[in-house]
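Trainee: Structural data only, the sequence is not supplied:
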């Protein structure tokens, strides 16, 4: 393993992965951009419902599923933002 999950060593291990591990920089940037694309896709899915009126019958259950997907996504983003700061 190249990553060390310790407060004092995490930054150095990520820097090691990006500089010294073959393809480490690519893996990190693919992960970051993939996560951003996931959140973008969820928001597009949620906000296209009111635009096209797809929240009416018979699709109101799909709209509820979309909101259920959105809520854990928002919680994940919030915890990921707050957790590193302690």
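Mentor: Thanks, I have it. Every value quoted in this text rests on a predicted model; they were computed, and no experiment measured them.
Trainee: Quick check: the spatially most central residue of the chain vs residue 80, distance?
Mentor: The chain has residue 35 as the residue nearest its centroid, 3.8 Å off, counting by Cα atoms, centre = their mean. From residue 35 across to residue 80, the span is 9 Å (Cβ to Cβ, to the nearest Å). For every residue, glycine as well, the C-beta is placed using N, CA and C.
Trainee: ditto for residue 42
Mentor: Distance from residue 42 to residue 80, by Cβ to Cβ: 15 Å.
Trainee: Where does the prediction get shaky in this structure?
Mentor: Within the chain, the ranges that satisfy pLDDT under 70 run 85-86.
Trainee: can you map out the helices along it?
Mentor: Remark: helices assigned in the chain by DSSP state H are 10-20, 24-52, 60-82.
Trainee: The last one - contacts with which helices or strands?
Mentor: Using 3 or more Cβ pairs under 8 Å, 6 or more residues apart in numbering; DSSP states H and E as the contact criterion, the neighbours of helix 60-82 among helices and strands are helix 24-52.
Trainee: Sort out which residues of the helix it packs on are buried, please.
Mentor: By neighbour count on 16 or more other Cβ atoms under 10 Å, the buried set for helix 24-52 is 24, 49.
Trainee: how far off helix 60-82 does it point, in degrees?
Mentor: If you take axes from the mean of the first three to the mean of the last three Cα atoms, to 10 degrees, helix 24-52 sits at 140 degrees to helix 60-82.
Trainee: Run the chain-centre distance for helix 24-52.
Mentor: 7 Å (Cα atoms, centre = their mean, to the nearest Å).
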